[in-house]
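Student: Any chance you can model this:
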Amino acid sequence: MNIIKTARKIKNLKSVKSAVTYAKKNHIKLKLFVLIAVCSVMIIRGIMQQPQILANKAEIERLQNEIDYEKERQEEIEDMRDMVETDEYIEKIARDKLGMIKKNEKIFIDVSKSGN
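Tutor: The predicted structure follows:
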């Protein structure tokens with residue numbers, strides 16, 4: 001009887017070992033499947049986001065061009081401000097736009113051109 005019990009234990013032990021081996025193999029397959037699934041999802045998401053990435057790059061380029069234009073404009077305004085603060089510019093505007101003259105200055109007007 002003891003031999004029969006031992007034989008059954010050995011048989012059960014073999015089936016347990018084979019079950020463990022089967023489970024280990026399936027566990028590796030399951031891990032591999034999960035890894036492949038995760039990689040596939042990441043690749044698909046990357047491909048789906050490509051148009052948005054390109055649109056963002058175009059927007060960045062447009063904004064950078066706008067920034068460059070505004071910097072150039074700011075430099076021009078600063079140059080103009082520096083020029084406006086000079087006496088020469090003030091005198092030029094007074095003469096050209098306001099028709100002012102200096103004290104004891106004589107103005108000659110060519111009437112031959114205006115008569116034609």
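
Student: what about the helices in the protein?
Tutor: 2-84, 87-96, 111-114 (DSSP state H).

Student: Determine which of the ones you listed approaches N104 most closely.
Tutor: Among these, helix 87-96 comes nearest to N104, with 15.0 Å by CB to CB. Just so you know, the C-beta spots here come from the backbone N, C-alpha and C atoms, and that holds for glycine as well.

Student: The closest one versus helix 2-84: what angle between them?
Tutor: 60 degrees (axes from the mean of the first three to the mean of the last three CA atoms, to 10 degrees).

Student: Pull the residues that contact helix 87-96.
Tutor: When contacts are defined by CB atoms under 8 Å, 6 or more residues apart in numbering, helix 87-96 is touched by residues M83, V84, M100, I101.

Student: Compare the helices of the chain and give me the one nearest E105.
Tutor: helix 87-96 (9.7 Å).

Student: What average pLDDT does the closest one get?
Tutor: On average, the pLDDT along helix 87-96 is 83.

Student: Let's have the helices of the chain in a markdown table, adding mean neighbour count.
Tutor: Compiled in a markdown table, the helices of the chain are given as follows (neighbours: other CB atoms under 10 Å):
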| stretch | mean neighbour count |
| --- | --- |
| helix 2-84 | 10 |
| helix 87-96 | 11 |
| helix 111-114 | 7 |
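
Student: thinking again about what came up before, I'd like to know which of the contacts of helix 87-96 is nearest to I60.
Tutor: M83 (34.9 Å).

Student: rewinding a little: tabulate the helices of the chain (TSV), appending distance to E105.
Tutor: Output for the helices of the chain, formatted as TSV (distance: least, CB to CB, whole Å):
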stretch	distance to E105
helix 2-84	23
helix 87-96	10
helix 111-114	19
